[in-house]
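Predicted coordinates and the sequence they were generated for:
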Amino acid sequence: MGYMAAHGLRRARPVELVPGTVSVITARMDYLGAATAPGWQAIELERLRRPSEGIVSVYARGRDYHKVVRKGLQQLSQRIAAEVGPFGHRVFTDSAPVLEVELAARSGQGWRGKHTLLLSRAAGSMFFLGEIYVDLVLPLTAAVTGHCGRCTACMDVCPTQAIVAPYQLDARRCISYLTIEHAGPIPLALRPLIGNRIYGCDDCQLICPWNKFAQRSALPDFDARAGLVGSQLVTLFGWTEEEFLRFTEGSPIRRIGHERWLRNVAVALGNALRDREDPTMRQALGSRREHPSAVVREHVAWALEVSIV
Ligand code: B12
Ligand code: SF4
Ligand code: SF4
């Protein structure tokens, strides 16, 4: 994530990113799939207790949000242009040096929860953020007050204790960082804490009481794809590179590539074996012992070793 330091204060100064920017329109897009069951938080927490199942975090089970949010923001820009005439603008979502949570908080989309994500009374936190930088003078919307109160549930539940203080995250400990952004070996001390989370992590949001108000998306884009929910680790570990690319086409998961995918699933298999001996899992791991990637080989060896103890 070196890009954050590289961009420095440009991240906090919209006009340096897009000259001529006068206002920023912020937006949220809810991403729970339309078919999400009532009581979904408990259902998701239950998955964590099934070590042989691989968990892909909720936001990544459908289509890549970058495309979906950008398209929505472009449509919104066109509608604004139809009302006010042509205007200078650029849309962003997680694609540029933009402090999205801070902008959303300052413009009243919600408040920053202690887990650092944006949280709203009307929609919890299960949404993406996006912005339109515009050269129009717009009336400012006011920030809202926070409603975390004395709650610390997200801090307490975090498996790696990555939320080191309220509103402060040590990304190096966050499972989302470790399984998605981080290249190379996952630190040994953190591997057992990752459990069966193979892409991202939702724990701090699953436990948050405000997420009972999380909204379902009206778009089919965020419907969960077959294979990404409820699959066994052994099946996911068996995907060839070609299958990985096919099953993750148009999904944000594709970005991590097959090697990191195998690394993550190997960690989860090691954790499952630690919970209960299983010849099928051991066999699956064994089949990748000679994988061309040193990172995969090392994680496979760790997974096979750790369980013998
Ligand atoms: C880097 C990043 C990560 C990192 C670090 C996360 C973090 N909390 O910082 C990792 C990989 C860990 C991560 C994980 C996740 N992420 Co992320 N991530 C980002 C990204 C690209 C940048 C965030 C960032 O800048 N962090 C750095 C810190 C320092 O900045 P900050 O916390 O925003 O706020 C500080 C500054 O604003 C500063 N500040 C305030 N005013 C000013 C003024 C000046 C002048 C300066 C210098 C600073 C400053 O003070 C604040 C407090 O320290 C954003 C998209 C974006 N471009 O913003 C998505 C984003 C935050 N992530 C998102 C999501 C969904 C997730 C996950 C839930 C995914 C998952 N399920 O696995 C997890 C949640 C983990 C968590 N509890 O945060 C969404 C959040 C939506 C929401 N409801 O808030 C975003 C907004 C992407 C999007 N477009 O929707 N993410
Ligand atoms: S996403 Fe997971 S690891 Fe990261 S802060 Fe939240 S609970 Fe902790
Ligand atoms: S779990 Fe509690 S402290 Fe954390 S964001 Fe939600 S309300 Fe705030």
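Structure received. Ligands and ions are numbered 1, 2, ... in the order given.

Flag every residue of the stretch 201-309 of the chain that's near ligand 2.
The stretch 201-309 of the chain comes close to ligand 2 at residues 201, 203-204, as judged by Cβ under 6 Å from any ligand atom. Yep, even glycine has a C-beta here, placed from its N, CA and C like the rest.

My reading is that residue 210 lies in a helix. Confirm?
Yes. With DSSP: H, G, I helix; E, B strand; the rest coil as the criterion, residue 210 is part of a helix.

Not counting residues beside it along the chain, what's closest to it?
Once flanking residues are discounted, residue 210 sits nearest to residue 124: 4.7 Å by Cβ to Cβ, 6 or more residues apart in numbering.

Need the phi and psi values for the one you found.
Reported as degrees, to the nearest 10, the phi and psi values for residue 124 are phi 60, psi -140.

Beta-bridge partners for it, please?
Going by DSSP bridges, residue 124 is paired in beta bridges with residue 120.

For it, give me its contacts.
Residues in contact with residue 124 (Cβ atoms under 8 Å, 6 or more residues apart in numbering) are 205, 208, 210-215.

separation between it and ligand 3?
Distance, residue 124 to ligand 3, using Cβ to the nearest ligand atom, to the nearest Å: 8 Å.

picking up where we left off before, can you redo the contacts of residue 124 as JSON lines with neighbour count, distance to ligand 1 and pLDDT?
What follows is the contacts of residue 124, written out as JSON lines (neighbours: other Cβ atoms under 10 Å; distance: Cβ to the nearest ligand atom, whole Å; pLDDT from 0 to 100):
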{"residue": "205", "neighbour count": "24", "distance to ligand 1": "6", "pLDDT": "98"}
{"residue": "208", "neighbour count": "25", "distance to ligand 1": "10", "pLDDT": "98"}
{"residue": "210", "neighbour count": "21", "distance to ligand 1": "11", "pLDDT": "98"}
{"residue": "211", "neighbour count": "19", "distance to ligand 1": "10", "pLDDT": "98"}
{"residue": "212", "neighbour count": "11", "distance to ligand 1": "15", "pLDDT": "97"}
{"residue": "213", "neighbour count": "14", "distance to ligand 1": "13", "pLDDT": "97"}
{"residue": "214", "neighbour count": "22", "distance to ligand 1": "10", "pLDDT": "98"}
{"residue": "215", "neighbour count": "17", "distance to ligand 1": "12", "pLDDT": "97"}
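
Relative to ligand 3, which of the residues you listed is nearest.
When these are ranked by distance to ligand 3 (Cβ to the nearest ligand atom), residue 208 comes first, at 3.3 Å.

I'd like to know how many residues surround residue 146.
14 (other Cβ atoms under 10 Å).

no, scratch that, I was asking about residue 224
Quick note: residue 224 (other Cβ under 10 Å) scores 18 neighbours.

Count the residues that sit near the residue of the chain found nearest ligand 3.
Closest contact between the chain and ligand 3, by Cβ to the nearest ligand atom, is at residue 113 (2.7 Å). A count of nearby residues for residue 113, using other Cβ under 10 Å, gives 27.

Contacts only, for it.
Taking Cβ under 8 Å, 6+ apart, one finds 119, 125, 146, 148, 154, 208, 210 in contact with residue 113.
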